[in-house]
Each structure stands twice: as structure tokens, then as C-alpha cells.
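Pasting a predicted model and its sequence here:
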Amino acid sequence: MQIRIAGIGGQGVILAGIILGEAAAIEGLNVVQTQDYGSQSRGGHSIADLIISKEPIYDLMVTKADVLVALAQLGYDSTKDSLRKDGILIIDTDLVKPDREYVGAPFTRLAEEKTGLALTVNMVALGYLVAKTNVVKKESVEMAIKRRAPKGTEEINLKAFRIGYEEGLK
Amino acid sequence: MRYPFPVGDADFIQGDEAIARAAILAGCRFYAGYPITPASEIFEAMSLYMPLVDGVSIQMEDEIGSIAAVIGASWAGAKAMTATSGPGFSLMMENLGYAIMTETPLVLVNVQRSGPSTGQPTLAAQGDLMQAIWGTHGDHSLIVLTPATVQEAFDMTIRAFNLAEKYRTPVILLTDAEVGHMRERVYAPHPDELELVYRKLPANEEEAKYPFGDIHGDLVPPMPIFGKGYRTYVTGLTHDERGRPKTVDAEIHERLVKRIVGKIENNKKDIIDYETYGLEDADIAIVSFGIVARSAMRAVKELRKEGINAGLLKLNVLWPFDFELIEKIAENVERIYVAEMNLGQLYHMVKEGANGKAKVELISRIGGEVHTPGEIVERIKRDLR
Amino acid sequence: MYLKPSYEIRDKYLRKDMLPTIFCPGCGIGAVLQYTLRAIDDLGLNQDEIVWVSGIGCSSRVPGYVNFDGLHTTHGRALAFATGIKMANPDLKVIAFMGDGDAAAIGGNHLIHAIRRNLDVTVILVNNFTYGMTGGQVAPTTPKGLRGTTAPYGSFENPFDIAELAVAAGANYVARWSVFNYLQGINSIKKALQKRGFTLVEFLSPCPISFGRRNKLKTAPELIKWYQKITVPISKAKDMPPEELEGKVVIGEFVDRDRPSLVEEYEAYKRRAKKIMGWEE
């Protein structure tokens, strides 16, 4: 499965990709995670690509995404062509105006209202993605968050992930 | 021994990180470097880990100093490594030659980016292949390994140290920004599971007198490291078996350089490593290495699905080079394609190996992005039409 | 100070099969080498715990002549190699035997950074104001107006004062003498060898063939006399106005201090790392 998470620098897109990849690795799946970002640390486009498979993976970049998660218009615009026709588009409904069928929720708003920290938007979106696709188990992601989230932020990130997950089950 | 990262377990890490961890497991205890994209993550990981395992990681004033410090550390008895990318690699060329001439074991990682000059610092390339093999001046030989996956980056780093110690030579791990920065699942063995090689030391005082002599008949002299009372003199000048400068004697020069080249070239069988897929019945062979070999593998599978008998030769070692293997493949296929991220470097070696027995074509790509499998498939299908 | 006969020093420390040296008649490198060996001998240092490192040039051939571990490296890089040796095995004492062009031109960056780090190394710097081995080109130390093959009408550049540079960059011990000041020279080397951190003893050293010949100083005695004329003891220089010091070379002990050395700093750094990571109390 090819998954692409696109946003702008500072939204934690790469970390979401790493945590999803780690969760897949925990389950013993093969996974390749690559990234692409503008040279500025904040505000440029930021893309995390994941290929997850039971088979050995030769591909490197996402060429035909099965899932595209767009957290910002800039991210959506620069990646929308890579999403398969029958692929799933997941968006932050407050921030992205798509020109095709989609699912999603106001991830940033949810993050801010329910965790008090808009920065956790990446985990909210990741929870939603996992609930919608079942690409990995919820528990694996939770374990990956405990390993990879910056020290002291594990709990708030887990909370954000679960909020997104519940939203995705709706 | 305690390690600052998981051992005997799998982890989800970047290629650069895998190289650093593998180096430490291989026994590397000295690292000197200079910041450069996309190799800095190796240095950063070394800086995090080395003080914890009682090793040294030090930031030098430039890449010339980095490799110099590594050579010094190696003569002081440490397994030592440095890592860089194109611009720094160019700066290291003189001292790489010094390491070859003085038969100093070390590992030099080049995480390739696009050149020439500053080029595309964050994007992958394979344009330093010729430089890795032939970059330093004068006649010489050395070992060049090249990984295609993060696991291979890990495994080949350990192998690089083993080969460096075994043959008393610098070994280059030639990787690229794509492998360096991508994350994959990597299994890091417990050190007890690893077979590690340590340089041969002189067995007695008599052996120590000949730090550059073929005293065991295997072309690799024992290394009388500093501080053991051997009183070794090491020089980049042409030297005799005892290490004494002999700068105008043709015979001594020829004997020294031919032994240094010979210890690599005569041990091709031990050093060379490659993988093949579908070559047994292939009409078309693709030769590739590093990151591009992944796309080539997918391309071969797709071609075979379409009824085209394609096969892959994925090179894990770029030097010494198996010209005979290429000739054998050339005898059995109609055409050989070389897919690489440069304007044709491996291509020339394959062409020499093929020896006119098959047509050799280049599938080149530069600019930072790896060939897509589709691109390779299309090119081959177009030629077949 | 009791001075042993030279042949005792020679027999004890030189590799006989490497002699004669490549040094020209009147060259000062042999004298500086002798001072260094006398200092080692006087201190009773263990020959097997000392590594000599050098770059390229006449003085860089010295590690080949002495019966110690030695690394004769590439042009200008001796101190970078020395960094690796010392840090990989801090039990070794490292002596870098360098020339002025090697240390201050092509190796200038390594020099200032090795000093900045306070690398534990003793630099014996043979300053002959020229590139002797390659035939007398001007060096970064050549006094303005004096001639070399690459400034045949007299050097138009400002020279480096290596000793002052070393003081400014943070060395623990810096002294400069001419080869004529042999007792002071030996004593300074002895001091330098006993200290931690970066120590440097610079010697004005005659090169009559490549330097003197082009500057009306054709023999070593003429060069020594010239040194006497241009050198000023540091105690005297302190009270001299800058105009009077123009064109003079100050000699003496420039600094003697005990800032923490690189080896000491790195040992503390390792302990700090283990503490921060919770590996050690």
C-alpha cells in the first residue's frame, strides 16, 4: 500500500510518517519511508511517503498513492496528481478545498479543541487514517508513538491519535 | 558491553543511522567528520553514541582533516571511519591516496549527492563512482561497496570494516542521499552473532621490522601499530619493505605498488559480491547498483510479466570489478542495459567487460530522482520494437 | 646543564641505516633535532610512548631519522593526523616536527584549530623563512622585502608571526628562539614536553642554500649573525615602542599556562554524556 501524507513544514508530517512506518515495522511488515521537503524549516511543502507491504519492496517513491492525507492546501496541490483514481483522499476539511471526492474532519481544530495543542494535528490525522484504512493495528501505532514521540509528549500524542481514530470510525 | 541502540532486534531507521550503528557494532571507536548534507546524520549519530561506548567522535576543521585524523587513529590502533558527500569526498582524495600507500585500514562513507561542485545537496546521485575508484592520483586499488537498502547499508558497513582490516586498506561505502535518508526496517544483530575481523599484528619483533613486506606470502603485511615498541616509520613516499623511503629506485616502487594493487585484485573472489535475478534464461540483462537496482528489479519483474526475458545483475561491490562475469553474461544475452544515476560511468566498465559479445546500452538519469521502474521498462520495450 | 656528547645522543636515538640526512651544509634542522632529542633524553621519556608526526618539507623528514614510531604524512596535515593519534590513544605523547610553510600556509587552518582545541601535542617548528626543499620560494613567514624565487623582487606580503598566532589561538605554551639559543631552546622543549595541551617551540633556523643565498646571507654564520641583529628578547621588547620593533623578531617564552587540554576535555565530555543518558551517576 502506498500512503502519502502532505502538508506544510511544522505540521509534523514527517513524524507522522515515521510513526506509521515504525508501526508497520513492529508488525513485521516491510516498509519504506521517504520524505520530501522544501529547504526552509517552516512553511514550505512537506511530504512523507510510505510503502507498506508483506512482499519485499523495490519501489522508493510513491508513484500511485492508495491513500493521500492532505493537511494543507499547498500539500494537496503539489501531490493530488499522485493519488490513484480509486484512492482515498483524507483532508483537514477546514484547510483543504479539494476538487474530488474525499473523507476527513477538521483535524487541526479537533487537535486544538480536544488536546489544547494544534501541534498534535499530525497524530489526529494519523488516527483517522488508521481507522479508515486498517493498514496497521491501532496498538502498533500506540507502541510506535511511545517510542518515537519526543520525551514528555507521549501522552498528549496518544490522546490526539485516539481522538482521530474515534473520528475515523464514525 | 552496553549499546545505546537496540541490538539483536529490528528497528525502523534511516540509512545514515544504520551506517553509524553498524560501525559501532563493527568495533569502530574513532570517527572524525565535517558537516555536509546528506551525510551529516551519520556524524550526528556517531556524536550521540561514541562518548557512551568510550569512543571518539570529533568535528574537524574540514574533510581533509577528517580523513587525516582517521588515518592517525587507525595507526594508533583504532577502527576508524569518516563520512562525507561529493564536495568533501573531493577534498579527501589526497589523503585517501596516503591511506592506500601506507596501507591504513579505514572506512570512508560517501553519501552521494548530485554534482559537479555544490550541485543538488539534498538529492541522490551516483556520479562519484569513477572518483571512488580512480579519484586519487597514481596507480592504486581499493575496495568500493554499494548498498541498495537500509539493511544493506547496515550489513555492508560491517563488511567494509572487515575487509579494511583483512586487507589493510581503505574501503569506500558508496551510497547516496536516497538510501541515506530513507527509513526501513533493519535488523541489528547482537555483537555475539557478528563475525568481526581485526587487523593482523606482528607476531614477533622480526615481523614488526617489515611493516610493508609480504612476509606471509598473502601480500598483506601485519600492521605494527604505534605505541607497542615497534618503532614503525610510516611514509607516503615510495618505501621499501621496512618502510624506509626509496624514492628513485624503480624496482622498489614497482614491487610496492604492484603488491598494494595485487592484494585487492588477487583476492577478487573473496571481495566481489553480487546478486542476480532471472539471468539464467535472459535475453536482456540489466546491470545496476545501489538505489537504482531496486527500480531495475521491479522493471525486470514487469518485463517478465509481459513475456520479455529480462534478468538483473545487481552489483554490491563496484571495485574490484568482475569483468569476466560481465563477459559471461554478454555471451548469453542479446543486450545489456546499464541503469545508473549519472551520464554513464559503470557503463564503461560493463562495456569493457562485455568485450563486444553483446550490445551495451545506457539508461541514464540525472537531476536527483531515481529511475522509475516504468521508465526502464519503456526504454527496453521501445528498443525491442 | 650537563650536555652529553653528541654521539651518545646520535647512537641512542637515530636510525643509522637512514643516515646521512638530506639536509644541506649549514642547515639548522639537525640542530633543532638535536635539541629535541636532548630534551627527551634529559626528561628520561620512554621512547616507545612517543610518536613523531610530520607533513612535507625538509624538516618533515625528521621522523624517518629518529628511532621512534613516526608518521610522515601529507603537506600541511600533520596536526590533523596527530589529532587522530592522540585521541585514539591518549597514552601516546605526540611530537609534530614542522616547517613554517607546512604549518602556517597549507596547514594554517589545521594549526589554528589544533591550538583552539588545545590538542595535546608538542610542535617543534623549524622556521627558515622559505620553502627549502622545493628551491626557495617565499613562505608566509618571509620578512617583507626579502627575496624568494616566487617573489624575486622582494616579498610584497605581510608575514605571519607564528608564535603570536599560537598565543592568540590559545596554546598552553609558546616559545621562540633562534638555533643559536641552544640552552634556552632545550629548556623550552623540555617544558613543552611536560605540559598537557598545545605546546609550540619555534626556532629561527638557517637555510643558507635556498634562503640565505638570495638575500646576501650566504652562509650559516652570516644567518646567525643576522638573527642576532633582528631578534629582541621578550623582556626587552615589552618596553620598546612599536616603531622600534618594526622588522624585529621577538624571542623568548611567550606564554606558559594550563588551560584544560583536549584529552582532558573529552574525558569530561564522555562522563557528562553518560550522566545525561543515565548510564552513570
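On my side now, so go ahead. Numbers count the residues shown, from 1 in each chain, chains lettered A, B, ... in the order given.

Briefly note if the strand or helix carrying residue C:35 comes near chain B.
Residue C:35 is part of helix C:29-43 when elements are defined by DSSP states H and E. No: judged by Cβ under 8 Å from any Cβ of the partner chain, helix C:29-43 stays clear of chain B, getting no closer than 13.8 Å. Where you see a C-beta, it was placed from the backbone N, CA and C, and this is true even at glycine.

Buried residues, that helix. List them.
By 16 or more other Cβ atoms under 10 Å in any protein chain shown, the buried positions in helix C:29-43 come out as C:29, C:31-42.

Kindly report the same for stretch C:42-60.
Across stretch C:42-60, burial judged by 16+ other Cβ under 10 Å covers C:42, C:45, C:50-60.

Quick check: end-to-end length of it?
Taking Cα to Cα, to the nearest Å, stretch C:42-60 runs 23 Å from one end to the other.

And the closest residue to chain C within chain A, how far from chain B?
Residue nearest to chain C within chain A (Cβ to the nearest Cβ): residue A:151, separated by 12.0 Å. Distance, residue A:151 to chain B, by Cβ to the nearest Cβ, to the nearest Å: 14 Å.

if I look at residue B:354, how far off is residue B:335?
According to Cβ to Cβ, to the nearest Å, residue B:354 stands 10 Å off from residue B:335.

more crowded one of those two?
residue B:354 (24 against 19; other Cβ atoms under 10 Å in any protein chain shown).

Backbone dihedrals for that one, both of them.
Torsion angles at residue B:354 (phi, psi; degrees, to the nearest 10) stand at phi -60, psi -30.

picking up where we left off before, what element comes up after the helix holding residue C:35 heading to the C-terminus?
The element immediately downstream of helix C:29-43 (helix or strand, assigned by DSSP H and E) is strand C:50-54.

May I see the buried residues of the next helix or strand after that next one?
Moving toward the C-terminus from strand C:50-54, the next helix or strand (DSSP H and E) is helix C:62-65. By 16+ other Cβ under 10 Å, the buried positions in helix C:62-65 come out as C:62-65.

do the same with stretch A:69-87
A:69-80, A:82-83, A:87.

which of these sit farthest apart?
The largest separation in the buried residues of stretch A:69-87, counting by Cβ to Cβ, is between A:74 and A:87 at 19.7 Å.

sorry, back to before: can you tell me the helix or strand for the residue of chain A closest to chain C?
Using DSSP H and E, residue A:151 sits within no helix or strand.

For it, give me phi and psi.
Main-chain dihedrals, residue A:151, degrees, to the nearest 10: phi -50, psi 130.

my read: residue B:226 touches residue B:211, true?
No: the pair residue B:226 and residue B:211 does not pass the contact test of Cβ atoms under 8 Å, sitting 11.1 Å apart.

neighbour count winner among those two?
Shown here are residue B:226 and residue B:211; by other Cβ under 10 Å, residue B:226 has more neighbours (28 against 24).

before we move on, what SS does that one have?
The three-state assignment at residue B:226 reads coil, by DSSP: H, G, I helix; E, B strand; the rest coil.

and it, what are its phi and psi?
For residue B:226, the backbone dihedrals (degrees, to the nearest 10) come out as phi -70, psi 150.

hang on, the earlier thing: just to be sure, which of the buried residues of stretch A:69-87 are found in strands?
A:69-70, A:83, A:87 (DSSP state E).

contacting residues for residue B:213?
When contacts are counted by Cβ atoms under 8 Å, 6 or more residues apart in numbering or on different chains, residue B:213 touches B:221, B:241-242.

Residue B:277 now?
Counting by Cβ under 8 Å, 6+ apart, residue B:277 touches B:297, B:300, B:311-312, B:314.

And residue B:39, by the same measure?
Under the criterion of Cβ under 8 Å, 6+ apart, the neighbours of residue B:39 are B:16, B:33, B:83-85, B:88, B:109-111, B:180.

Residues of the stretch 251-385 of chain B that sit close to chain A?
So far as Cβ under 8 Å from any Cβ goes, the stretch 251-385 of chain B lies against chain A at B:291, B:294-295, B:297-298, B:301, B:369-370, B:372-374.
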